[in-house]
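J.: sequence first, predicted model second:
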Amino acid sequence: MVLSNNLKKSDILTNCKAKDRWDLIDTMLDQAVKNKYVNPDDRETIRKSLFDREKSMSTGIGKGVAIPHCTNAKVDDVIVIMSICNKGINFDAIDNLPVQIAILLIVPKNKLTQHIKTLANIAKIMNDNELREEIISAKTAVSILKIIKQYENPQKK
(Lines give C-alpha, C1' and ligand atoms only; values in the text may rest on other atoms or scores of the structure.)
Protein backbone atom coordinates (compact mmCIF):
# COMPACT_ATOMS: atom_id res chain seq x y z
CA MET A 1 0.00 0.00 0.00
CA VAL A 2 1.21 3.44 -0.91
CA LEU A 3 0.40 5.67 2.07
CA SER A 4 -0.04 8.81 -0.02
CA ASN A 5 -2.67 7.03 -2.16
CA ASN A 6 -4.82 6.63 0.95
CA LEU A 7 -4.37 10.14 2.36
CA LYS A 8 -6.02 13.40 1.35
CA LYS A 9 -5.33 16.76 2.98
CA SER A 10 -8.60 16.41 4.95
CA ASP A 11 -7.17 13.18 6.45
CA ILE A 12 -4.23 14.98 8.06
CA LEU A 13 -4.63 16.81 11.35
CA THR A 14 -1.83 19.25 12.12
CA ASN A 15 -0.97 20.68 15.52
CA CYS A 16 -3.25 18.27 17.37
CA LYS A 17 -4.09 19.29 20.93
CA ALA A 18 -5.19 15.88 22.27
CA LYS A 19 -4.48 15.37 25.98
CA ASP A 20 -3.71 11.65 25.87
CA ARG A 21 -3.76 8.67 23.50
CA TRP A 22 -7.47 8.00 24.07
CA ASP A 23 -8.34 11.60 23.23
CA LEU A 24 -6.10 11.39 20.16
CA ILE A 25 -7.78 8.21 18.90
CA ASP A 26 -11.19 9.85 19.44
CA THR A 27 -10.06 12.97 17.57
CA MET A 28 -8.85 10.95 14.58
CA LEU A 29 -12.00 8.80 14.58
CA ASP A 30 -14.10 11.99 14.63
CA GLN A 31 -12.20 13.12 11.53
CA ALA A 32 -13.01 9.81 9.81
CA VAL A 33 -16.70 10.44 10.60
CA LYS A 34 -16.44 14.06 9.43
CA ASN A 35 -14.85 12.89 6.16
CA LYS A 36 -17.77 10.43 5.75
CA TYR A 37 -15.52 7.33 5.87
CA VAL A 38 -17.31 6.11 9.00
CA ASN A 39 -21.06 6.19 9.46
CA PRO A 40 -21.86 8.13 12.68
CA ASP A 41 -24.02 5.17 13.79
CA ASP A 42 -20.93 2.90 13.62
CA ARG A 43 -18.56 5.25 15.46
CA GLU A 44 -18.93 3.63 18.89
CA THR A 45 -18.46 0.09 17.53
CA ILE A 46 -15.26 1.13 15.76
CA ARG A 47 -14.13 3.15 18.80
CA LYS A 48 -14.53 0.06 20.98
CA SER A 49 -12.45 -2.00 18.51
CA LEU A 50 -9.69 0.63 18.50
CA PHE A 51 -9.69 1.02 22.29
CA ASP A 52 -9.74 -2.75 22.89
CA ARG A 53 -6.76 -3.14 20.55
CA GLU A 54 -4.90 -0.32 22.29
CA LYS A 55 -5.63 -1.73 25.75
CA SER A 56 -4.27 -5.15 24.76
CA MET A 57 -0.93 -3.59 23.73
CA SER A 58 0.12 -0.05 22.90
CA THR A 59 0.36 0.74 19.20
CA GLY A 60 3.19 3.17 19.94
CA ILE A 61 5.84 1.57 17.72
CA GLY A 62 8.68 3.84 18.84
CA LYS A 63 10.59 6.83 17.46
CA GLY A 64 7.61 9.08 18.18
CA VAL A 65 5.15 7.10 16.03
CA ALA A 66 1.91 5.29 16.88
CA ILE A 67 -0.40 3.34 14.58
CA PRO A 68 -3.69 2.82 16.39
CA HIS A 69 -5.53 0.26 14.27
CA CYS A 70 -8.28 -2.31 14.01
CA THR A 71 -10.27 -4.36 11.56
CA ASN A 72 -13.99 -3.77 11.47
CA ALA A 73 -16.91 -5.13 9.44
CA LYS A 74 -18.53 -1.66 9.45
CA VAL A 75 -16.07 -0.23 6.89
CA ASP A 76 -15.71 -1.13 3.21
CA ASP A 77 -12.36 0.47 2.43
CA VAL A 78 -9.08 1.13 4.21
CA ILE A 79 -9.31 4.32 6.27
CA VAL A 80 -6.16 6.27 7.13
CA ILE A 81 -6.09 9.43 9.28
CA MET A 82 -2.80 11.07 10.29
CA SER A 83 -2.32 13.38 13.23
CA ILE A 84 0.71 15.48 14.10
CA CYS A 85 1.14 16.24 17.82
CA ASN A 86 4.05 18.64 18.03
CA LYS A 87 4.26 18.55 21.83
CA GLY A 88 4.09 14.76 21.89
CA ILE A 89 1.66 12.48 23.71
CA ASN A 90 2.39 9.68 26.14
CA PHE A 91 1.30 6.58 24.23
CA ASP A 92 2.98 3.99 26.40
CA ALA A 93 5.19 3.40 23.36
CA ILE A 94 7.69 0.55 23.13
CA ASP A 95 10.60 3.01 23.63
CA ASN A 96 8.69 5.23 26.11
CA LEU A 97 9.13 8.28 23.84
CA PRO A 98 6.16 10.62 23.36
CA VAL A 99 4.26 10.19 20.09
CA GLN A 100 4.31 13.06 17.61
CA ILE A 101 2.98 11.21 14.55
CA ALA A 102 -0.10 9.04 14.88
CA ILE A 103 -1.64 7.18 11.97
CA LEU A 104 -5.10 5.74 12.53
CA LEU A 105 -5.78 2.67 10.40
CA ILE A 106 -9.17 0.99 10.05
CA VAL A 107 -9.38 -1.94 7.65
CA PRO A 108 -12.39 -4.02 6.59
CA LYS A 109 -12.69 -7.25 8.59
CA ASN A 110 -12.41 -9.36 5.42
CA LYS A 111 -9.06 -7.81 4.39
CA LEU A 112 -6.73 -9.12 7.10
CA THR A 113 -3.80 -9.65 4.71
CA GLN A 114 -4.12 -6.07 3.49
CA HIS A 115 -4.29 -4.93 7.12
CA ILE A 116 -0.99 -6.61 7.99
CA LYS A 117 0.76 -5.38 4.82
CA THR A 118 -0.48 -1.83 5.38
CA LEU A 119 0.72 -1.82 8.99
CA ALA A 120 4.13 -3.12 7.93
CA ASN A 121 4.42 -0.52 5.16
CA ILE A 122 3.51 2.38 7.45
CA ALA A 123 6.01 1.15 10.06
CA LYS A 124 8.72 0.88 7.39
CA ILE A 125 8.08 4.38 6.04
CA MET A 126 7.94 5.92 9.52
CA ASN A 127 11.27 4.31 10.41
CA ASP A 128 13.00 6.98 8.28
CA ASN A 129 14.32 9.64 10.70
CA GLU A 130 14.55 12.38 8.08
CA LEU A 131 11.00 11.77 6.84
CA ARG A 132 9.59 11.93 10.39
CA GLU A 133 11.43 15.19 11.06
CA GLU A 134 10.14 16.73 7.82
CA ILE A 135 6.56 15.69 8.60
CA ILE A 136 6.72 17.09 12.15
CA SER A 137 8.25 20.35 10.89
CA ALA A 138 5.67 20.83 8.14
CA LYS A 139 3.01 23.43 8.90
CA THR A 140 0.14 22.30 6.64
CA ALA A 141 -1.60 19.11 5.59
CA VAL A 142 -0.78 19.92 1.96
CA SER A 143 2.95 20.10 2.68
CA ILE A 144 2.85 16.85 4.72
CA LEU A 145 1.13 15.08 1.84
CA LYS A 146 3.72 16.45 -0.58
CA ILE A 147 6.58 15.24 1.66
CA ILE A 148 5.11 11.73 1.84
CA LYS A 149 4.48 11.60 -1.93
CA GLN A 150 8.06 12.69 -2.65
CA TYR A 151 9.38 10.07 -0.25
CA GLU A 152 7.29 7.32 -1.85
CA ASN A 153 7.99 8.46 -5.44
CA PRO A 154 11.53 9.89 -5.39
CA GLN A 155 11.74 9.98 -9.21
CA LYS A 156 8.89 12.55 -9.28
CA LYS A 157 10.78 15.26 -7.34
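T.: Happy to help now that I have it.

J.: the nearest residue to residue 144 once chain neighbours are set aside: neighbour count?
T.: Nearest non-adjacent residue to residue 144, counting by C-beta to C-beta, 6 or more residues apart in numbering: residue 138, 4.6 Å away. C-beta: built from backbone N, CA, C; applies to glycine. Burial of residue 138 is recorded as 18 neighbouring residues (other C-beta atoms under 10 Å).

J.: neighbours around residue 35, how many?
T.: Neighbours of residue 35 (other C-beta under 10 Å): 13.

J.: residues contacting it?
T.: Counting by C-beta atoms under 8 Å, 6 or more residues apart in numbering, residue 35 makes contact with 8, 10, 11, 81.

J.: now the helices for this structure?
T.: 21-34, 43-56, 112-126, 129-137, 141-152 (DSSP state H).

J.: adding distance to residue 90 and mean neighbour count, write the ones you listed out as TSV.
T.: Converted to TSV, the helices of the chain look like this (distance: least, C-beta to C-beta, whole Å; neighbours: other C-beta atoms under 10 Å):
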stretch	distance to residue 90	mean neighbour count
helix 21-34	7	19
helix 43-56	13	15
helix 112-126	18	15
helix 129-137	17	15
helix 141-152	23	17
